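Colleague: Quick check, what structure comes out for this input:
(chains A, B, C and D)
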Number of protein chains: 4
Amino acid sequence: MGGCAFDVSDKPHEACGVVAVRSKKDAASYIYYALRALQHRGQEASGIAVYSGGLKVKKGLGLVSDVLNTEEISKLESKVGIGHTYYSIKVSKPENVQPQFLKTGVGDIAIGHNGIIVNSGILVSKLKNEGKHFILESEEEAIIMMLSEQIRNTNDIPKSIKAVCKELIGSYAFVLLIDDRVFAIRDPYGIRPLCLGKMKDGKGFVAASESVALDVLGADFVRDIMPGEAVELTEDGFKSINIGASINRAHCFFEWVYFARADSVLDGMSVYEARKRIGWRLAKEAPAVADVVVPIPDSGRAHAYGYALGSGIKMNEGLMKNRYIHRTFIMPSQDAREISVREKMNPVKAVVEGKRVVIVDDSIVRGTTMKRIVKMLKEDGHATEVHVRIGSPPLIAPCYLGIDMTDRDQFIADNRTVEDIRKEIDADSLAYISKEGLVEALNIEKENLCMGCVSGEYPVNIPGERRRFQQTLEGFT
Amino acid sequence: MGGCAFDVSDKPHEACGVVAVRSKKDAASYIYYALRALQHRGQEASGIAVYSGGLKVKKGLGLVSDVLNTEEISKLESKVGIGHTYYSIKVSKPENVQPQFLKTGVGDIAIGHNGIIVNSGILVSKLKNEGKHFILESEEEAIIMMLSEQIRNTNDIPKSIKAVCKELIGSYAFVLLIDDRVFAIRDPYGIRPLCLGKMKDGKGFVAASESVALDVLGADFVRDIMPGEAVELTEDGFKSINIGASINRAHCFFEWVYFARADSVLDGMSVYEARKRIGWRLAKEAPAVADVVVPIPDSGRAHAYGYALGSGIKMNEGLMKNRYIHRTFIMPSQDAREISVREKMNPVKAVVEGKRVVIVDDSIVRGTTMKRIVKMLKEDGHATEVHVRIGSPPLIAPCYLGIDMTDRDQFIADNRTVEDIRKEIDADSLAYISKEGLVEALNIEKENLCMGCVSGEYPVNIPGERRRFQQTLEGFT
Amino acid sequence: MGGCAFDVSDKPHEACGVVAVRSKKDAASYIYYALRALQHRGQEASGIAVYSGGLKVKKGLGLVSDVLNTEEISKLESKVGIGHTYYSIKVSKPENVQPQFLKTGVGDIAIGHNGIIVNSGILVSKLKNEGKHFILESEEEAIIMMLSEQIRNTNDIPKSIKAVCKELIGSYAFVLLIDDRVFAIRDPYGIRPLCLGKMKDGKGFVAASESVALDVLGADFVRDIMPGEAVELTEDGFKSINIGASINRAHCFFEWVYFARADSVLDGMSVYEARKRIGWRLAKEAPAVADVVVPIPDSGRAHAYGYALGSGIKMNEGLMKNRYIHRTFIMPSQDAREISVREKMNPVKAVVEGKRVVIVDDSIVRGTTMKRIVKMLKEDGHATEVHVRIGSPPLIAPCYLGIDMTDRDQFIADNRTVEDIRKEIDADSLAYISKEGLVEALNIEKENLCMGCVSGEYPVNIPGERRRFQQTLEGFT
Amino acid sequence: MGGCAFDVSDKPHEACGVVAVRSKKDAASYIYYALRALQHRGQEASGIAVYSGGLKVKKGLGLVSDVLNTEEISKLESKVGIGHTYYSIKVSKPENVQPQFLKTGVGDIAIGHNGIIVNSGILVSKLKNEGKHFILESEEEAIIMMLSEQIRNTNDIPKSIKAVCKELIGSYAFVLLIDDRVFAIRDPYGIRPLCLGKMKDGKGFVAASESVALDVLGADFVRDIMPGEAVELTEDGFKSINIGASINRAHCFFEWVYFARADSVLDGMSVYEARKRIGWRLAKEAPAVADVVVPIPDSGRAHAYGYALGSGIKMNEGLMKNRYIHRTFIMPSQDAREISVREKMNPVKAVVEGKRVVIVDDSIVRGTTMKRIVKMLKEDGHATEVHVRIGSPPLIAPCYLGIDMTDRDQFIADNRTVEDIRKEIDADSLAYISKEGLVEALNIEKENLCMGCVSGEYPVNIPGERRRFQQTLEGFT
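Modeller: All right, here's what the predicted structure looks like:
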C-alpha cells in the first residue's frame, strides 16, 4: 500500500512534508525554500511540480538540495505549484517520488500527499476493473484518476474534490495542482497538520505542513486548514471548500512530541511550548531525586527543559552529539557495538561525573539506544545514578496513518511493564508521561487527538483493529 | 604556504585533527573511529596511513566516511598508524591531502600535521638548494626530508626529531609514522592541543588532538602531551622525548571558545566547563535587563548556559537551526538574502515574542550573520529588545598559527569601537568578554595563552608583527 | 510526436532495436545479449521488461551494458520478456525510456516500439477526451490504453491487437508483453524489419529487429515476420495472427544501405551481400579511371568491396579510423576544424600517395565530412585524384517513418545537381547509384520498397506529402 | 617494477604513448590532440604537463577525453609541454599516472616514459641509500632525481641527460620537461619508436611515439629520433644530443605487427605496408587451397589483404565485430561461453557458408579466442574448412621491454609444436610466418630488431635470460 509508509528503526518517526504556493512570480523558488524548511519530514526523496506554460515536474531520490537544480528552479517561470519531501524505504525508483502526476482530458493533475489511504488497495482494484491503467498502482494515481473522472462528469473541481474525498479512508494532507489551479486539502479528522500563510507585500499565498515553511518565506501565518476543508489558493487569497469534517478531530499527538520542528506551531499549539509543558508535567508526575537534567540531543531538549523547570533541578548539556555520523561502521572486533553508540553520543564528564542524572527523551521504540546511553553515562561519564523520563506514553500499537510502526513486537513496551523495561535498559528509575498528562500538556481534548500508537484505538476503521469510537461525519450528505 | 591554512568566512574557525594509534590489532579501524570523532576539526579531506607489511596510505577529499572505504579499512592488518582530517580551500587536489609520506633510505615516513610552520618557505628553498626535490613544496615534505637526513646521519630517531623541531618556527601537533614506529609531537608552546590515551584491556595506546577521540575508542585519558614533548607509542606504553619546551606556553584560547568539541578536555580544562565559566563571567561583566537568554545554536549554547547561571535569567531555546541547509540558494529576487538567513535559523516565537532577549555566541568575525539574527528576532520573533553578548574579546588581528583569519579588514572589529559595532548590527546592547575575564574563566595564566587574534601579539616571531614577549627556550642545548 | 525520433547530424541514420523472448528459463539474460547485438540501432537508452511473478522493468539512459546490471539480470527468474534500445535527443528523462508499461485491469502491459506512428497526436487527444490519463502522452501509452480497452471489451488478445493496429498509421515493429504472453508485431507494409528465431535444444523462441540478435543466442533463423502479421511466441513455437497486410510492402531501403549490421539478413537479403551488389552495380553505372578503391570505414566497406569487384580496381584500406574519438574538441585557434576531421580519420599514405583514389560510402547527408575527407586525401595523403561514389541515390526528402531526417534544407542534395555537389565537396568526380540500380541490387521490386527519402513519395498518408500510390489494405474487414 | 608494465590477457599487446610539443601558443591543446591519436597505446590513464608560468600537471585514470577537461586545456597558456597515455593494471591510484614530476633546486622536472628500465630496482635502492626519498619508488622518480643531481653538479642539461642515460638498462622513449625546456629521448637500441614533426606555418615542433600524432596536428614528418639520441625542441627547430647508440638497433617487431596504428610510419616502414607484406610473404610460405580470405577485425585486416594479394584468393569480410561489447557478461547457464564469443564477433554467412576459409590474424597468445572463432565459423557460418594464418612467429618468451607477456606458460606455443596448436584450436591447417620471412617483410636486418618474445634472446642484459649478442655501445666515452 502506498502513501508515506516508513521504515521502523530505533527512531523511525518520519513523515512527509507538503507545500503549495500561488505567487506573483518565482513560485518554484518559494517551493524550494519551503521544502528545505520541511526537510525533517522526509529526507529520502524530493519533488516539485509547477505550472509553467504546462505542467513541469522535477523530482528524484535525495535531499531537496541534491535533487533540485537551483539554476533550473530559478529559471522556471511559475506562479503556482506544489512540492513534496518523502521518506520511505519503499521508494526505490525515481518514478515513485512525489509529486505524482497524470495528463488527463480535464487538465494536467499533480498531487503531493502526507498520510496513508487505508482503503487504497480496494480503490486501485476498482479503478482497474473500470478500465483504468496504472504505472505504480499508488494511492496518488488512484486519487488523480477518480478526480479527473469526477471533473469530466461535473466540470466542477470543488465538487469533484469533495466527491473523491468521500471515498477515501485514512489520513491525508494533500497539495493538488490542476493545470494552474492549486489546492491544499486536509482529511476530516485533521490527522496530519496543514496551515495557510500570506506572503508580505502581496507576493502571494502558501499552504504547508508546518508553519516553519511559512517563516522561511517571511509569510504571515493565517490559520490552520480545518479538518475536512479544502482550500484553493487564488490570486486574491483563499477559497474554502467544505469536504465534510468529522465531529471529532484526531490530531496525531506525535507531531508535537517528535515529528514537527520545535519552532513550528500546529493547530494553535507551539511545538516547543508543548514539549516544555510535557516535560513540566512529567516532572510533577514522576519526580526524581537528582543533581542534573540532561536532554537527549536534539529530540529531548525541550522536554528536558520543561522537566528542569518543573523539578527545580538544573538542566545541563551532559551528552554531545557528533553530527557527522550518518552511517555506522562496524569494526571486525568485539567492542564495535560499544564504539558505535559512543560515536553518535558522548557524555560530558564535567557535567555528569559523580552526579545523579535525569535523562529526558521524547519516546522509546526498541530501547536499544536508550540502553546504551544509560550504560555510557554510568561507565564513561561516571554518573552515579541514571533516571529516565519519557515525554510520551509507552508505544504499544502500530500506526496506520502516516508513521510506519507496523509490528507490535518491535516495541520494547509490547507486553512489558514499565519495571520490566527499566530493568532491560538498566536505569535507576524510568517513567513515561501518562496519557492524561500528555493530553493536558497539549491542551487539546482527548477526543480530538489520535493516540492510536499508545492506546490501540484508531479514529478510522482499520481492519482487525479497534475503532476509537463511532464517528459520524457531518456535512457528508 | 602550506600546513592547515583556512578560508575566512563568517564563521571560519576551523583546524585540522590528528590521531596516532598503536594497538594489538585493527589500528586502521581505531584511527577511522577517532577521525570521525575529530571530523569537526576538518571536513575538506581525510586520510589514514598505517604500517601493514609496508606503508599503506588511503586518503582523499571529503568526509572520513566518504573518503575511507570501511571494507578496505577493516581488512588492513595493522598495529600502528596515523590519521588526519583537513580543512582548507587550498586543498584542491587529492595529492595535497594528508598524511603526506615519502619512502626514504631510512624507512617509509608519513606525517599528519595540525598547525602552521611559519618559516616553511625558507626551509623548502634551503632543501631545494641542497638537491632535494618536491612534489608539493609543502611543510610536510620539508619536515620528512629533514627528518630522513637526520636519521641517516645519526641513526637515532628521537635525536633526529629533536634536531628537526629546533629548525621549525610555528605551531604544530604532529603525528609521525616511521615504518612501524609512531610518534606524536607538540610544539614548544603547546599552541595546538594533543593528548594521550590508553585503551582498555591492553588493546593499545592512542594520541589525538582532542580527548573525544579517546572517548570514542573507550580509551582512558592518560595526560596531555607537554609542549616541547614528543611521545613514542610503544607496545608497552609511552616513551617521552624532550624536544625543548618554551618557558611559557601559548595555548590557543580559541580551541576552548569555539574549535574543540564541547565534550573534550584540553590541557586540563573541560571545553564545556570553560564556555560555561566564560558565560558566567560575561554575565557579571556585562549584565543585561532581560527576560530570556537565547543561545546561538550550537556554538553559543554553553556560553549562554553560563550567562543564564551568572545572570539568574532563564535560558530558553529561542532559535532553531535547520540542520539540512549546507549550501545557500539565492533566488533571483530581492528578498533572497532575508530568506537565506531564515533558512538556517528560525526564532521560536513562543520563547521570544514580547521578550527582552539576550543572545550569546562565541565570537563575531564579519558580523553579517549576527546582524541578520538580531533583525530576525525583532521582526519575525517580535522580541522587544535584543542584547548581544560575545564569549571572546573582539577579533582584530590575523592568526598565523592554524586559523586562517588573515586579513584585518575582514573583521567587523577592525578599527571600530564596540559602540560602532552595536550600531552596525542594530543590537540594543553589545558586550564582549574582557581579556582578563577570559583568562580568568579559562583558569590559565595569560602568559601561557596565545591571544594573537585579539591582542596582535604572537608567541613566535612573525615577520611584520609584534612578538608577545621574548621567549627563551629551555632544553634546547 | 513520440516513437523513435532522431536527431539529424551528418550521419544520423539511427533507429531502435526490439527483441522478444520466450524461453524455458533465463529470458532476461537472452534479452540482454540480444540487445547488445542490436546496440547499433540505438545507444541513447536501453530497457528490458520481463514477467517474473509480475511485471519487472529495468531501463535507463545509456548503453545496454551501462544501464542493465548483469547481476540483477541474471537473478531475474523469467521465461518471457521484451527489450528495447533507443536513440533520440528527445529522450531526456529516464521515464521516457522504453519498454513503456501500464498496469491495467486486464493485466500488466509493456511495449517496445521501433518506428513512428504518424497519427499519434490525434490518438492521444481522442483518448484524453474519453477520460484516459497520460504521463508522457506518448504513442506507446496510447497503444497500451487502446489495447487494454479492446481486451476489456472482447477478452480476446489477438482480436484486440488487430483492432488497435487498424487505428495506427505509420511504421512499427512492436514487441508486446501482456502479463506472461509475448507478441511481435509488424506494420502492414513491413517498413521496419522483424524476424523469428528458434533457440537450439528446445531452449525457446525469439523475435528481433535483425538476425544478428538470433545469431548471438545461437538461435536458428526461422523466417521474417510478415507485413501485417502479429506473432505470439508460445511454449511450443509461434502462433500467427493476421492483422491485415498492405497489397504492397514498403521495406525501408536504408536498412540495407546503412542501418542494419552487415552480418544481418533482412527479408531474405543479406545486408553484406546487398551492399556488395550495390557497389558492384555502382561500378558499372559510374566507372572511374583510378588506381585504388578506398572504403570510408566502417560504413562504406562492403560497398567499396563491391565496387572493387565490379571495376576490377584493387581495394585497399587508405583511411584509418580512430575509434577513441567520440566527442570533438575545438581548440581556440584557426586550425581546429581541420584537426577535428583528422582526429577521426587519417589517410594511409602508403596506400593513397600519388594515386587516383575512388572512395565509396553509403550516403551523403550534409556533405561536410565528405568534403573534409576529400581535402585530407589530397593534402595529407597526396592522392592525385579523388573520385566519390555513393551507395544510395541523393537524399532529398524527410523520413517520417523512423529516421529523423526532417528538414529538407539540411540535405546537400536539396535543390542541387550532382555537379553542384561535386564542386561543393571538391571531388574529381561524383556519382550516386541510380534508383533503378539500387532496386536491382536489392533484388526487391520497387513497389515493395519505401524510398521516401530519395523520392519524396511515402507509403502512408503524411499530411502535406505525396503518397506513393493508393494502397489498399487486404484483410482489413 | 615501474614503467609501462602490462597485464597479460588474450590480446594484451599494449604500450604507452608519449608526446612533446614546443609551439608559439596552445601547446596544451596540441598535446591533447596528439594524445587522442595515441590513445591505442594506452587507455588506462592519461596526463599532460606544460610550463605555464610554472609547471602545470593534469592527469588521471581514464581515456584522454575523460581525464582532461578541454575547457581547462584550452585556457592553459603554454608554449611547451609533454603528454602521456598509459596502460597497466598496476596503475591503481591517480598519483601513479604519468607524467610524473618533481620540483627541484634546478627546476621543475616532468617526465613521460614508454618502455621499461630493467635495473630500476637497483637505481631506486641506490638513491635511497644516498638520502633520496620517494613516493612511488618508480623508474620515473629515480630518473628525475638522477637528472637533477647531475644538473646541480654540471649545470649542463644535455650532459646530464647523457650521464643519466648511461645508467639505464632497458627500453625507453622519454619526453622530458625541465621548466620551459623540452626533450625527447630514445634508448640506444631504438626499442620503442619516437619521431619528429614540424607544424605548418611556423606553428611549432613536435615529437611523438608514432607519426599519426603528427598527422593529426597537420605536422610534416621530419625524421625518426635515432637510437641513442636526445632531441631538444627549440623555438627554431631541433637540437640533437648524442647519448650513445648501440652498434645494432633493436626495434621491437611487434610495433609493426600489432601495436602501432596501421596509418603510422615507424623507422621508415609504413605499418600498413609492413602488415600487407607480412601477409603476402605468409601466402608464399604457407599457401592454402581455399575460397576466401577473411581478416580477424580489426587486427588482422592488413595482413589478410596481403595474404589475398599473395595467394590470389579474394578477401572478403566474413567476420563482423560488435564494437559495443567492452565487458563480457556471463549468463548463469551452460551456453554462456559460446554466446560470449558470438557477442564480439559474428560470421557473415553470405561470405563463408559452404566455403573453404583462410582467416588471418597478427598473433596468437593463449589461443582461446582463436579456437572459438574457428568453431563459430564452422558451426554458425557453415564454413567447410578453416585455415589459420598468423602474421608473427609463435610467441614463446616473455617481453621485459615494454609489453607484459611475463609468464611463459600463458603462451599456447610454449612447449607445443605447430601441429599441437592446430589440433588445440581445431583448424584444418595452421601456419605462422617464419622469423626469416618476418624479417624480410619488415625490410630491416635481423640484427636491428628485437625479437625476444619469439626467440628468447634479448638486446639488453636480463637476469636469467640469454642476451641476443654482445652489444658494444659507441659514443659512450
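Colleague: residue ranges with poor pLDDT in chain A?
Modeller: For chain A, applying pLDDT under 70 flags the ranges A:1-15, A:88-95, A:326-338, A:404-408, A:469-477.
Colleague: measure A:Gly62 to C:Tyr432 for me?
Modeller: Remark: distance between A:Gly62 and C:Tyr432 (Cβ to Cβ, to the nearest Å) = 54 Å. Quick note: C-beta positions are derived from backbone N, CA and C, even for glycine.
Colleague: do A:Gly237 as well
Modeller: 69 Å.
Colleague: can you check A:Leu266 too?
Modeller: According to Cβ to Cβ, A:Leu266 and C:Tyr432 sit 76 Å apart.
Colleague: And for A:Gly279?
Modeller: For A:Gly279 relative to C:Tyr432 (Cβ to Cβ), the value is 88 Å.
Colleague: cool, A:Asn415 as well?
Modeller: 87 Å.
Colleague: OK, contacts around the closest residue to A:Arg468 other than its chain neighbours?
Modeller: In this structure, A:Arg468 finds its nearest non-sequential neighbour in A:Glu457, 4.4 Å apart by Cβ to Cβ, 6 or more residues apart in numbering or on different chains. By Cβ atoms under 8 Å, 6 or more residues apart in numbering or on different chains, A:Glu457 lies in contact with A:Met451, A:Glu465, A:Arg466, A:Arg467, A:Arg468, A:Phe469.
Colleague: Can the host helix or strand of A:Lys58 be said to contact chain C?
Modeller: Using DSSP states H and E, A:Lys58 maps to strand A:54-61. No: Strand A:54-61 is not in contact with chain C by Cβ under 8 Å from any Cβ of the partner chain; minimum separation 9.4 Å.
Colleague: what about stretch A:48-62, distance to the chain center?
Modeller: Stretch A:48-62 sits 23 Å away from the centroid of its parent chain (Cα atoms, centre = their mean, to the nearest Å).
Colleague: Check whether it comes into contact with chain B.
Modeller: No: Stretch A:48-62 stays clear of chain B (Cβ under 8 Å from any Cβ), getting no nearer than 11.4 Å.
Colleague: excluding its backbone neighbours, what's nearest A:Lys355?
Modeller: Here the residue nearest A:Lys355, using Cβ to Cβ, 6+ apart, is A:Asp291, at 4.2 Å.
Colleague: my bad, should have said A:Lys132
Modeller: Nearest-residue entry for A:Lys132: A:Met145, 5.1 Å, with adjacent residues in sequence omitted and distances by Cβ to Cβ, 6+ apart.
Colleague: what helix or strand is the one you found on?
Modeller: Using DSSP H and E, A:Met145 sits in helix A:139-154.
Colleague: So which bits of stretch A:190-205 are buried?
Modeller: Across stretch A:190-205, burial judged by 16 or more other Cβ atoms under 10 Å in any protein chain shown covers A:190-199, A:203-205.
Colleague: picking up where we left off before, comparing A:Asn415 and C:Tyr432, which residue is more hemmed in?
Modeller: Set A:Asn415 next to C:Tyr432 and count neighbours by other Cβ atoms under 10 Å in any protein chain shown: C:Tyr432 wins out with 24 against 9.
Colleague: Next up, the contacts around the closest residue to the more buried one other than its chain neighbours.
Modeller: Excluding the flanking residues, the one nearest C:Tyr432 by Cβ to Cβ, 6+ apart is C:Ile390, at 4.6 Å. Neighbouring residues of C:Ile390 by Cβ under 8 Å, 6+ apart: C:Leu282, C:Val360, C:Asp361, C:Asp362, C:Ser363, C:Ile364, C:Leu430, C:Ala431, C:Tyr432, C:Ile433.
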